[in-house]
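A.B. asks: Coordinates for the following, if possible.
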Amino acid sequence: MGTRHAFRGGVTSGGLVALAMVMAAGVMVPAGAGEALSRPHSPGQPYAARSLPDRIVLTPGASAARQMAVAWRTDVGQSVAQAQIAPALDGPSLEARARQVIGVSAPITTENGAAIYHQARFDNLDPDTAYVYRVRGSAGWSEWFQFRTAADGFKPFNFIYLGDTQNNILSIASRVIRQAFHTTESPALVVHAGDLVAQRDDKVHDDDWGEWTQAGGYSYSIVPQVPATGNHEYVDRIGADGQEYYELGPHWSRQFTLPANGAEGARETTYYVDFQGVRFIVLDATSALELGTIDSQTRWLEATLAASKAKWHIVAFHHPIYTCARPVDFNKLKAAWKPVFDAYNVDLVLQGHDHCYSRLTAEAGKDASARARAAGGHQGPVYLVSVTGSKMYALNDRSATQPDRVAEDTELYQVTRVEADRLLFRSYTATGKLYDGFDLVRKGRHKTLIEIPEAQGPARRCNGAMGPDGVPCTSRAK
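C.D. replies: Next comes the predicted model:
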């Protein structure tokens, strides 16, 4: 059973979830089915499992040079997790060198009926090498998907960072996701800052996950995904004592085959990945705030940073340490994690939850940050908040003076180019316009932030009831 919690602003939406999920003999079975019927299905979208694999998502292992993994879904006719992997060839005879990998399977019953999720891990791979894989359903194999392992050591690469997709995932957020893939040269990874779906909000749970995987399509099958949990990856349920509890939703551990190297008490949702000279560290802010794991995560975070030999360190989690919409920061997270980020010279902190955009380089505010840069001061961790989906929150009072750059009522995606001595961070609007950008330049442990002048146009803010696009503002006060 989960830990009893009191609801806090922004963590729950509208009280008890209409569909709680309870574990029964390894199968997640809907509870309160009558209430679930009040939540609409995605119109016209066939999200029931079928005889061919779907929801195929590639994830990296702890060492992405030698390990990759995949999760997929089938109908109940395919009870064994069967995958094949082979070195990529320039000719069509891919099966000739394929080897079979048998993974693990977990049944699930949802609003769309019974299905089975499968997972397979590909180990002992060669670094910086192209591979193909396919997965099996009861009617046969999927197409072959091609990916490339990371280099064994530093090599420049690009990665995408997405904030909350959450609402209207297929109808609205998908265009931003696809624009990111379409315009980014050879993205090596995608980092998601939580609230991938809107469990407890708009639609039945399984449709949310169907929309999320459809929005990314085959790109999620060939580019490794690095997801963090948000509060909406958790469900609320009533315990035997009548209290409401947080519990990780049934899809998370089935949909993502993540490294098993996380913090005690949050092993399903915290992990790290080493990729070509960068250590990506994923924390679970919801579990830290609501399930009592903040101390274990903090200890694990420090140990993971201390043991790292990476050139760069990038941390991702959901609830922002410095908020751009909420009137108060998440001070419990700030007190626990910021000193660790500072001590270990973390480079980027990627967050979501606030449904606005913010780049913050100094707690004292943007003027103090500009003065420090002009004096040649060291740049500490850069805190980013972004949003990809349709739900928008209004900027708070501090947004005018504390962050260096903000936006509201704006969908964005971010691309970072990792080089040996520079991180080139760029934030783009949904239509591909450059909105924010900086280079983080390192000499030894000293870092300097250089803003990109061409990305410093007028801030996108609502003007009363009018949004920055000349149509009514959709951002609401938090």
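
A.B. asks: Break down this structure into its helices, ranges please.
C.D. replies: 33-36, 174-183, 205-216, 219-222, 252-255, 285-290, 294-306, 331-343, 366-374 (DSSP state H).

A.B. asks: Between the ones you listed, which one is closest to residue 274.
C.D. replies: Smallest distance to residue 274 across the helices of the chain (CB to CB): 10.4 Å, for helix 294-306. Where you see a C-beta, it was placed from the backbone N, CA and C, and this is true even at glycine.

A.B. asks: residues of the closest one that come out buried?
C.D. replies: By neighbour count on 16 or more other CB atoms under 10 Å, the buried set for helix 294-306 is 294, 296-298, 300-301, 304-305.

A.B. asks: Can you pick out the most distant pair from the residues you listed?
C.D. replies: Within the buried residues of helix 294-306, two members stand farthest from each other by CB to CB: 294 and 305, at 16.3 Å.

A.B. asks: So in terms of bridging, what pairs with the residue nearest the centre of the chain?
C.D. replies: By CA atoms, centre = their mean, the chain has its centre lying nearest to residue 192, at 1.8 Å. Beta-bridge pairing for residue 192 (DSSP bridges): residue 162, residue 227.

A.B. asks: Of all the helices of the chain, which one comes closest to residue 62?
C.D. replies: helix 294-306 (10.5 Å).

A.B. asks: residues in contact with the closest one?
C.D. replies: Under the criterion CB atoms under 8 Å, 6 or more residues apart in numbering, residues 262-266, 270, 272, 279, 281, 283-284, 287-288, 313, 315, 332-333, 336-337, 340, 343-344, 346 lie in contact with helix 294-306.

A.B. asks: make it 10 Å
C.D. replies: Outside helix 294-306, the residues that touch it by CB atoms under 10 Å, 6 or more residues apart in numbering are 261-267, 269-272, 279, 281, 283-285, 287-288, 293, 313, 315, 317, 332-333, 335-337, 339-341, 343-346.

A.B. asks: Low-confidence ranges, the chain, go.
C.D. replies: Residues of the chain meeting the criterion pLDDT under 70: 1-38, 45, 200-202.

A.B. asks: can you pull the contacts of residue 309?
C.D. replies: When contacts are counted by CB under 10 Å, 6+ apart, residue 309 touches 153, 274, 277, 279.

A.B. asks: Among those, name the ones in strands.
C.D. replies: 274, 279 (DSSP state E).

A.B. asks: coming back round to it: list buried residues within the contacts of helix 294-306.
C.D. replies: Taking 16+ other CB under 10 Å as the criterion, what is buried in the contacts of helix 294-306 is 262-263, 265-267, 269-272, 279, 281, 283-285, 287-288, 293, 313, 315, 317, 333, 336-337, 340-341, 344-346.

A.B. asks: on that earlier part again, what's the closest of the helices of the chain to residue 74?
C.D. replies: Among the helices of the chain, helix 252-255 comes nearest to residue 74, with 11.8 Å by CB to CB.

A.B. asks: Could you list every helix and strand in contact with that closest one?
C.D. replies: Applying 3 or more CB pairs under 10 Å, 6 or more residues apart in numbering; DSSP states H and E, one finds that helix 252-255 contacts strand 54-60, strand 68-74, strand 104-110, strand 113-122, helix 205-216, strand 225-227.

A.B. asks: List the buried residues of the shortest one.
C.D. replies: What it means is strand 225-227. Across strand 225-227, burial judged by 16+ other CB under 10 Å covers 225-227.

A.B. asks: Going by distance to residue 147, which of these wins?
C.D. replies: Distance to residue 147 across these (CB to CB) is lowest for residue 225, with 11.3 Å.

A.B. asks: hang on, the earlier thing: which one of the contacts of residue 309 sits closest to residue 407?
C.D. replies: Residue 407 lies nearest to residue 279 out of the contacts of residue 309, by CB to CB, at 28.9 Å.

A.B. asks: Just name the most buried of the helices and strands packed on helix 252-255.
C.D. replies: Burial of these is given as mean neighbour count (mean count of other CB atoms under 10 Å); strand 68-74 ranks first at a mean of 27.

A.B. asks: elements contacting it?
C.D. replies: When contacts are defined as 3+ CB pairs under 10 Å, 6+ apart, strand 68-74 packs onto strand 54-60, strand 82-87, strand 104-110, strand 113-122, strand 130-137, strand 145-148, helix 205-216, helix 252-255.

A.B. asks: Could you rerun that using 6 Å?
C.D. replies: Packed against strand 68-74 by the contact rule (3 or more CB pairs under 6 Å, 6 or more residues apart in numbering; DSSP states H and E) you find strand 54-60, strand 113-122.

A.B. asks: Strand partners (parallel or antiparallel) of the shortest one?
C.D. replies: Paired with strand 54-60 in the same sheet, following DSSP bridges, are strand 68-74 (antiparallel).

A.B. asks: try the last one
C.D. replies: Partner strands and pairing direction for strand 113-122 (DSSP bridges) are strand 68-74 (antiparallel), strand 104-110 (antiparallel).

A.B. asks: Just give me how far it sits from the chain centre.
C.D. replies: Centroid displacement of strand 113-122 relative to its chain, using CA atoms, centre = their mean, to the nearest Å, is 20 Å.

A.B. asks: Please save the CA atoms from it in PDB.
C.D. replies: What follows is strand 113-122, C-alpha atoms only, in PDB (Å, rounded to 0.1, in the frame of the first residue of the first chain):
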ATOM      1  CA  GLY A 113      -9.500  -4.700 -22.000                       C
ATOM      2  CA  ALA A 114      -6.900  -7.300 -21.300                       C
ATOM      3  CA  ALA A 115      -3.300  -7.000 -22.700                       C
ATOM      4  CA  ILE A 116       0.200  -8.000 -22.000                       C
ATOM      5  CA  TYR A 117       3.300  -5.700 -21.700                       C
ATOM      6  CA  HIS A 118       6.600  -7.200 -22.600                       C
ATOM      7  CA  GLN A 119      10.200  -6.100 -21.900                       C
ATOM      8  CA  ALA A 120      13.500  -7.300 -23.200                       C
ATOM      9  CA  ARG A 121      17.000  -6.100 -22.400                       C
ATOM     10  CA  PHE A 122      19.800  -6.100 -25.000                       C
END
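
A.B. asks: what's the angle from it to strand 130-137?
C.D. replies: Using axes from the mean of the first three to the mean of the last three CA atoms, to 10 degrees, the inter-axis angle of strand 113-122 relative to strand 130-137 is 150 degrees.

A.B. asks: Also the first one?
C.D. replies: With the same axes, to 10 degrees as the criterion, the two stretches strand 54-60 and strand 130-137 enclose an angle of 140 degrees.

A.B. asks: thinking again about what came up before, now, which of the contacts of residue 309 sits nearest residue 161?
C.D. replies: residue 279 (15.5 Å).

A.B. asks: Spatially nearest residue to the closest one, not counting backbone neighbours?
C.D. replies: Leaving aside its sequence neighbours, residue 279 sits nearest to residue 310 (CB to CB, 6 or more residues apart in numbering; 3.9 Å).
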